[in-house]
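Colleague: below is the sequence, then the predicted model.
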Amino acid sequence: MPSFRTDATARWALATSVVLTLGLSACSSDATAGRPSTASGSSPSSSAGSSSGAFTPVTLDNCGTTVKVTTPPQRVVTIKSTATEMMLALGLQDRLVGTAFSDGPVPDEWADAAQDVPVLSPQVPGQEALLAVDPDFVYGGWESNFSADGAGDRAGLAKLGIGTYVSPAACKEPEYKPDPLTFDDVYGEVGEVGSIFGVPDAATKVVDGMKASLATATKPAQKTTALWYSSGTDTPYVGAGIGSPQMIMDAAGLTNIFASVHDTWTSAGWEQIVADDPDVIVLVDATWNTAADKIKLLESNAATRELTAVKEKRYLTLPFASTEAGVRNAEAVVSLDQQLADLDK
């Protein structure tokens, strides 16, 4: 099966140009996206996030699963904050019938739009909870969001007439995994989602906004080494060389001390971190492992409290949802540069 991930922009263009016949096979991830709702009450308005022109049916090779959409999905469940925020950024809140596995609060700019969307589960929803809201499409941030003992595997959901899509940045198979992840890959996902839901103009606007934000970033004048500290205590889990942490640090002009590790994230030893003595530490603020918790650990541990960044409190903080591939990555770059500039005043 050919991979489209080598050129995200070309993949977007291909997705928006392929017209499907009515005889598409039901073995695809999405055989009946946009089907009429069988739940009581009316389904969300199809006008949400709409753009001019007729919908162009879409086919995608998504992490090795064929996604086919003949009409825009109307009843969508998102799993992970990145998927939810993508829908909100595209003005598709009226299509959402449920969200799950939030990594933190929705940003203020989308809080009003999200306030009436039901939360199905604080983690991955079970299939019973998922089916109770009668979705015609499920958009997940990770491949692991789809499993037989969770929301359901992708093939099983397809048999129920429910389409699925996974953030391409989270694909695990080598032929699909971004290596390395780039902003073009992120823009490609925005375009694919815009194509699936029939809002290509909104997708273009989001991408243009991200590019404009990146253009305002001001990199440090001198080489600045950084540790990306995601989670963990005894063994820290850190940003490595080919995923979103590396992409964000590159754009912010930071030199990742674990850039040579060929992975998205990796487990590391405190001994190596102490030896490298990074200039700054990027703290990922998650509800289950807050930035404050990380600082407390760093400042109480006999080894790490001697790090220059710890002694001088040279911490840069990002909310978890902005650190995985998604619509807030450009914002994360700008935030890092602004925080670093404030430290250096």
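Modeller: Arrived safely. Numbers count the residues shown, from 1 in each chain.

Colleague: quick check: mean pLDDT of stretch 262-269?
Modeller: The average of the pLDDT scores along stretch 262-269 is 97.

Colleague: same question for stretch 230-244.
Modeller: Over the span of stretch 230-244, the pLDDT mean works out to 96.

Colleague: for burial, what's the neighbour tally of the closest residue to residue 63 other than its chain neighbours?
Modeller: Excluding its sequence neighbours, the residue lying closest to residue 63 (CB to CB, 6 or more residues apart in numbering) is residue 171, at 3.9 Å. C-betas here are computed from N, CA, C, even on glycine. Using other CB atoms under 10 Å, residue 171 has 20 neighbouring residues.

Colleague: so residue 171 makes contact with residue 181?
Modeller: No - assessed by CB atoms under 8 Å, residue 171 is found out of contact with residue 181, at 10.4 Å.

Colleague: for this structure, give me the ranges with low pLDDT.
Modeller: Scanning the chain for pLDDT under 70 picks out 1-53.

Colleague: sec struct for the residue of the chain most remote from its centre, please.
Modeller: Relative to the centre of the chain, and counting by CA atoms, centre = their mean, the farthest-placed residue is residue 302 at 35.5 Å. With DSSP: H, G, I helix; E, B strand; the rest coil as the basis, residue 302 sits in coil.

Colleague: could you number the chain from 56 rather than 1 from now on?
Modeller: Got it, the first residue is 56 from now on, which makes the last one we talked about residue 357.

Colleague: now name the helix or strand holding residue 239.
Modeller: For residue 239, the element it lies in under DSSP states H and E is helix 238-251.

Colleague: tell me the SS of residue 337?
Modeller: Following three-state DSSP, the label given to residue 337 is strand.

Colleague: before we move on, back to that, relative to helix 238-251, how tilted is the following helix or strand past the helix holding residue 239?
Modeller: Once helix 238-251 ends, the next helix or strand along the chain (criterion: DSSP H and E) is helix 255-270. Angle between the axes of helix 255-270 and helix 238-251 is 160 degrees (criterion: axes from the mean of the first three to the mean of the last three CA atoms, to 10 degrees).

Colleague: domain assignment for the protein?
Modeller: 63-268, 280-398 (automatic domain parsing).

Colleague: closest to residue 274 out of those domains?
Modeller: Judged by CB to CB, the one of those that comes nearest to residue 274 is domain 280-398, at 2.8 Å.

Colleague: start and end of that closest one, how far apart?
Modeller: 14 Å (CA to CA, to the nearest Å).

Colleague: for residue 236, helix, strand, or coil?
Modeller: Assigned with three-state DSSP, residue 236 falls in the coil class.

Colleague: could you find the closest non-adjacent residue to it?
Modeller: residue 302 (5.0 Å).

Colleague: do the same with residue 194
Modeller: Residue 194 sits nearest to residue 138 (CB to CB, 6+ apart), 4.4 Å away.

Colleague: ok, now residue 225?
Modeller: residue 197 (4.8 Å).

Colleague: need the contact list for that neighbour.
Modeller: With CB atoms under 8 Å, 6 or more residues apart in numbering as the criterion, the residues that contact residue 197 are 134, 135, 221, 222, 225.

Colleague: could you measure from it over to residue 229?
Modeller: Computed as CB to CB, to the nearest Å, the residue 197 to residue 229 distance reads 17 Å.

Colleague: how about residue 168?
Modeller: Residue 168 sits 37 Å away from residue 229, going by CB to CB.

Colleague: the more surrounded of the two?
Modeller: Set residue 168 next to residue 229 and count neighbours by other CB under 10 Å: residue 168 wins out with 18 against 8.

Colleague: verify the stated contact: that one with residue 142.
Modeller: No - at 9.3 Å, residue 168 does not count as touching residue 142 under the criterion of CB under 8 Å.

Colleague: find residues that contact each of the two.
Modeller: With CB under 8 Å, 6+ apart as the test, residue 168 and residue 142 both reach residue 148.

Colleague: quick one: the strands in the stretch 206-355 of the chain, in order.
Modeller: Applying DSSP state E, counting those that start in this stretch to the stretch 206-355 of the chain gives strands spanning 218-221, 280-286, 292-294, 310-311, 320-322, 335-340.

Colleague: give me the buried stretch members for stretch 368-387, please.
Modeller: 369-387 (16 or more other CB atoms under 10 Å).

Colleague: please, where are all the strands along the stretch 56-205 of the chain?
Modeller: 113-117, 120-124, 131-134, 151-155, 174-176, 192-195.

Colleague: pick the most deeply packed of those.
Modeller: Of the strands of the stretch 56-205 of the chain, the one with the most neighbours on average (mean count of other CB atoms under 10 Å) is strand 131-134, at a mean of 30.

Colleague: sheet-wise, list the partners of that one with their directions.
Modeller: Neighbouring strands of strand 131-134 in its sheet, by DSSP bridges, are strand 151-155 (parallel), strand 192-195 (parallel).
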